[in-house]
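Undergrad: What follows is a predicted protein model with its sequence.
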Protein chains: 4
Amino acid sequence: MARDQAVRALKRQIIVDAARSVFAEMGLEAASMRGIAAAAGCTTGAIYPYFRNKEELYAAVLSDGLTSLHEHLATASGNATDPRERVEIALRSYFAYYRSRPDELSLGLYLYHGLKPAGLTPELDRRLNRKLSQALDVIGDALAAYAGLDADARRMELCQVFSYLMGLLICDCTHRLRALGSNAEAMLDRYTADLLRRLAPH
Amino acid sequence: MARDQAVRALKRQIIVDAARSVFAEMGLEAASMRGIAAAAGCTTGAIYPYFRNKEELYAAVLSDGLTSLHEHLATASGNATDPRERVEIALRSYFAYYRSRPDELSLGLYLYHGLKPAGLTPELDRRLNRKLSQALDVIGDALAAYAGLDADARRMELCQVFSYLMGLLICDCTHRLRALGSNAEAMLDRYTADLLRRLAPH
Amino acid sequence: MARDQAVRALKRQIIVDAARSVFAEMGLEAASMRGIAAAAGCTTGAIYPYFRNKEELYAAVLSDGLTSLHEHLATASGNATDPRERVEIALRSYFAYYRSRPDELSLGLYLYHGLKPAGLTPELDRRLNRKLSQALDVIGDALAAYAGLDADARRMELCQVFSYLMGLLICDCTHRLRALGSNAEAMLDRYTADLLRRLAPH
Amino acid sequence: MARDQAVRALKRQIIVDAARSVFAEMGLEAASMRGIAAAAGCTTGAIYPYFRNKEELYAAVLSDGLTSLHEHLATASGNATDPRERVEIALRSYFAYYRSRPDELSLGLYLYHGLKPAGLTPELDRRLNRKLSQALDVIGDALAAYAGLDADARRMELCQVFSYLMGLLICDCTHRLRALGSNAEAMLDRYTADLLRRLAPH
DNA sequence: GATGAATGAGCTTTCATTCAT
DNA sequence: TATGAATGAAAGCTCATTCAT
């Protein structure tokens, strides 16, 4: 029955939400399945019909986050009135999204280390990369529309912007910018202005 | 005796080196004090006279790494013949340093999450930030010399470059760039060219 | 309806067969109801209408095995042309049966240990002993016919032969004979010859 | 210091003894490290400096048992006054040893199944086989002395006797003999008599 | 009869750290 | 200083079985 499906999806979501909050609070490795189960109001065993292991649960949290990022970017970009503003909004809303959710950014970095040699299943990894790519398209489209870029140039500029934004967020959230006496918002504004000037049509 | 001091420093260094290699291989949390002791050729208990706990050992490894980064940058920059080249070399050698030591980059990110609620001791944290700042000064000096920047501008530009480089390295090492169809070296070359143009004296 | 009975018997048999193969592969305790259900193409819950618990399923597998042993012995003995050959064939076919099904021999030994304090239900135990006794009668009859034994002597000789054969099979399957530098087939041939000589009429 | 060695050996023995009794009571797989630790009066973690895992502990229990069997056989055989009696005593004392320690016999059978795919380490397996072989030599020597056997014949007869005794003990301890209406002691007496007659010099 | 999520206890093993020696 | 046994908690995961559907 569709009813059963819905109930199952709901219960699954409860677990994912619980996992997100526990991961955020304790970090990926320090978070325990017991703790997540407790937060979800069930027993450890009750998680396993939905997620084969901790890793799959982690992937679900990441996937959820990327979906939400995508929605955030798409909504914000919808408000732009001209190509220039669209770029500004795209960058600013990406920054703002993770700025207000530092745990989510942090969580994604676990893909880099920790996480057993195996890492995420290649299949899961591919799925997450696709989602990220889709979310970033909002930025890529804005850049291309503003500067009239072909596919190759669009890819290059998008990766530059993406790298910069990630670096900015990470340096900010790890308090490195503060230690160096700088400020993330001001930096982003300046970066955006330079970018728009550099890519300005003709 | 000075002799005793030297012996003590040597033993300490053996432990730090062992820790670095074990951290690199297993990640910070998966690395065990037992494993590090084994790699250092001693027993667990022998570590504690030198480091109060795993965290302090981690900090020592990070500190070592920053010293080594500093030397690497300073040496490379010494070869520059003109201000423009000096900037190019500074950026490239920073990138190259972590590119060939992805584990060291990864290790630094643990500062971001996990690592007990407490994180590193504020004192240790301050010391590490100072070392990072000193290393980055090589880049900052190159930028200032090339573009004739005042203190404020220098700080801003350095942070921009630092953020970009960190983002580039992380996106590269996590294979995000590959997934997005781009290439870190080419991106860095392009970034450097744009930077030099933007900051060019007149 | 008889139809329903037949369907039920069939489904039951599917489960028993699945259990046998899983028990054989993993051992009694390592085999899980989930695994057996998967092998049988059903879910865990579907097993319980047929078997109250794992133990009952185990008993069904054993019982099946004894039936099959009985058939094996009866068929083989049917080919004998004279009493002497009948004894030889009975021993050899008993040996061959378990030799080619070491898992079944192993499975029977669980009766010896593990298996919950309770062990098998006395009722089940009695039923299994009766089946074993029937199967062994093929050997007992052969011995009695060859040597003209009365009931007491028959029982004694049968138990001796049974014990020897079990010991031989177990020592062989646990590789103890190999470790001691001996060979099960040669031993059985020699044993049979001695037995026939000892029991020879007059 | 030799003192330390002695203390360590003592603590180790306490754990082995505890393990034997828990294994005997619950079976190999049902016995838990927690239970063994409790029986030994320590915590689970305290077992691991002595035994790397449950399997190694199991091997130690088996090894202990074989040593004790050897002593039992050697002591008993020492009382024999003539070759014939020596054979009788060897068989009877082997039987009596396991008859009064059915758990030890049972424990050895786990080598057959259960026990993860890996089974015992080949090295451990070899060591145990060597110990068994040494213990059985007491029987083998008695047989050879009585019947004047060469090496090949000695090996064959020893394996025959060993297989029979194992089968007899197992069939007895699993209550199969009782179910078949027979009696282990009477069977052994009869078997011994037949054996002595068959192997009698000239 | 069949499903499969849920229970709740259980497992072995590992960990950082301590401390008597 | 160095040893390494010991602590005590905790980890992820699996289990047989139940039961609402």
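TA: Cool, got the structure.
Undergrad: ok, A:L143 - contacts?
TA: For A:L143, the contacting residues are A:V87, A:A90, A:L149, A:R154, A:E157, A:L158, A:V161, A:L199, by CB atoms under 8 Å, 6 or more residues apart in numbering or on different chains. From N, CA and C alone the C-beta is placed, and that goes for glycine too.
Undergrad: out of these, which touch chain B?
TA: A:L158 (CB under 8 Å from any CB of the partner chain).
Undergrad: Quick check on the contacts of A:L143: which are buried?
TA: Those of those that meet the buried threshold are A:V87, A:A90, A:L149, A:R154, A:E157, A:L158, A:V161, A:L199, by 16 or more other CB atoms under 10 Å in any protein chain shown.
Undergrad: before we move on, what SS does the first one have?
TA: When classified by DSSP: H, G, I helix; E, B strand; the rest coil, A:V87 comes out as helix.
Undergrad: Help me confirm that it comes into contact with A:Y146.
TA: Yes. The criterion here is CB atoms under 8 Å, and A:V87 meets it with A:Y146 at 4.9 Å.
Undergrad: Quickly list what's touching both of these two.
TA: Taking CB under 8 Å, 6+ apart as the contact rule, the neighbours common to A:V87 and A:Y146 are A:L196.
Undergrad: picking up where we left off before, same list (the buried ones among the contacts of A:L143) but as a markdown table, adding pLDDT, secondary structure and distance to B:Q5.
TA: Converted to a markdown table, the buried ones among the contacts of A:L143 look like this (pLDDT from 0 to 100; DSSP: H, G, I helix; E, B strand; the rest coil; distance: CB to CB, whole Å):
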| residue | pLDDT | secondary structure | distance to B:Q5 |
| --- | --- | --- | --- |
| A:V87 | 98 | helix | 59 |
| A:A90 | 98 | helix | 57 |
| A:L149 | 96 | coil | 61 |
| A:R154 | 97 | helix | 59 |
| A:E157 | 98 | helix | 55 |
| A:L158 | 98 | helix | 54 |
| A:V161 | 98 | helix | 51 |
| A:L199 | 96 | helix | 58 |
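Undergrad: Farthest pair within those?
TA: Pairwise distances across the buried ones among the contacts of A:L143 (CB to CB) peak at 14.0 Å, for the pair A:A90 and A:L149.
Undergrad: one step back: between the contacts of A:L143, which is nearest D:L105?
TA: Once CB to CB is applied, the member of those that ends up nearest D:L105 is A:L158, at 72.6 Å.
Undergrad: isn't the closest one right up against A:V138?
TA: No. If you go by CB under 8 Å, A:L158 and A:V138 don't touch, sitting 10.2 Å apart.
Undergrad: Tell me the one among the contacts of A:L143 nearest to chain C.
TA: Minimum distance to chain C across these is 46.0 Å, recorded for A:L158 (CB to the nearest CB).
Undergrad: For the helix or strand that contains A:H72, list every residue counted as buried.
TA: Secondary structure here is read from DSSP states H and E; on that basis A:H72 sits in helix A:54-77. By neighbour count with 16+ other CB under 10 Å, helix A:54-77 contains the buried residues A:54-66, A:69-70, A:72-73, A:76-77.
Undergrad: Run the angle between the helix or strand of chain A with the lowest mean pLDDT and helix B:102-109 for me.
TA: In chain A, no helix or strand scores lower on mean pLDDT, DSSP states H and E than helix A:102-109, which sits at a mean of 87. Orientation check (axes from the mean of the first three to the mean of the last three CA atoms, to 10 degrees): helix A:102-109 against helix B:102-109 gives 160 degrees.
Undergrad: Helix A:54-77 and helix A:102-109, what's the angle between them?
TA: Computed with the same axes, to 10 degrees, the direction of helix A:102-109 lies at 130 degrees from that of helix A:54-77.
Undergrad: Other residues contacting helix A:102-109?
TA: A:20, A:23-25, A:27-28, A:58, A:61-62, A:65, A:98, A:169-170, A:173, B:109, B:112-113, B:170, B:174.
Undergrad: quick revisit: let me know the closest of the buried ones among the contacts of A:L143 to A:G181.
TA: Ranking the buried ones among the contacts of A:L143 by separation from A:G181, with CB to CB as the measure, puts A:V161 on top at 24.5 Å.
Undergrad: is it true that the closest one touches A:I139?
TA: Yes. Because the distance of 6.2 Å satisfies CB under 8 Å, A:V161 is recorded as touching A:I139.
Undergrad: Please enumerate the shared neighbours of those two.
TA: Each of A:L91 lies in contact with both A:V161 and A:I139 under the rule CB under 8 Å, 6+ apart.
Undergrad: which SSE is A:A193 in?
TA: Take DSSP H and E as the rule and A:A193 turns out to sit in helix A:184-199.
Undergrad: buried stuff in that helix?
TA: Buried residues in helix A:184-199, counted by 16+ other CB under 10 Å: A:A184, A:M187, A:L188, A:Y191, A:T192, A:L195, A:L196, A:L199.
Undergrad: which ones are touching the residue nearest to A:K54 when sequence neighbours are not counted?
TA: With sequence-adjacent residues excluded and distances taken as CB to CB, 6 or more residues apart in numbering or on different chains, A:K54 is closest to A:M33, at 6.1 Å. By CB under 8 Å, 6+ apart, the residues touching A:M33 are A:T44, A:I47, A:K54.
Undergrad: show me which of these neighbour DNA strand F.
TA: When the contacts of A:M33 are filtered against DNA strand F using CB under 7 Å from any atom of the strand, the residues retained are A:T44, A:K54.
Undergrad: Is it possible to get a markdown table of the contacts of A:M33 that adds pLDDT?
TA: Formatted as a markdown table, these follow (pLDDT from 0 to 100):
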| residue | pLDDT |
| --- | --- |
| A:T44 | 95 |
| A:I47 | 96 |
| A:K54 | 94 |
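Undergrad: Among the contacts of A:M33, pick out the one closest to DNA strand E, please.
TA: A:T44 (5.2 Å; CB to the nearest atom of the strand).
Undergrad: interface residues of chain A facing DNA strand E?
TA: By CB under 7 Å from any atom of the strand, the residues of chain A that approach DNA strand E are A:R8, A:K11, A:C42, A:T43, A:T44, A:G45, A:A46, A:P49, A:Y50.
Undergrad: farthest-separated two in the residues you listed?
TA: For those, the farthest-apart pair by CB to CB is A:R8 and A:T44; their separation is 18.4 Å.
Undergrad: residues in contact with the residue most central in space within chain A?
TA: Among the residues of chain A, the smallest C-alpha distance to the mean C-alpha position (CA atoms, centre = their mean) belongs to A:L66, namely 4.7 Å. Contacts of A:L66 were listed using CB under 8 Å, 6+ apart, and they are A:L128, A:K131, A:L132, A:A135.
Undergrad: Leaving out chain neighbours, which residue sits closest to it?
TA: Closest residue in space to A:L66, ignoring its immediate chain neighbours: A:K131 at 4.0 Å, by CB to CB, 6+ apart.
Undergrad: didn't that neighbour look like it was pressed against A:S63?
TA: Yes. The pair A:K131 / A:S63 is scored as a contact, 6.2 Å apart, by CB under 8 Å.
Undergrad: Is A:L195 in contact with A:R84, as I believe?
TA: No. Applying CB under 8 Å, one finds A:L195 not in contact with A:R84, separated by 10.7 Å.
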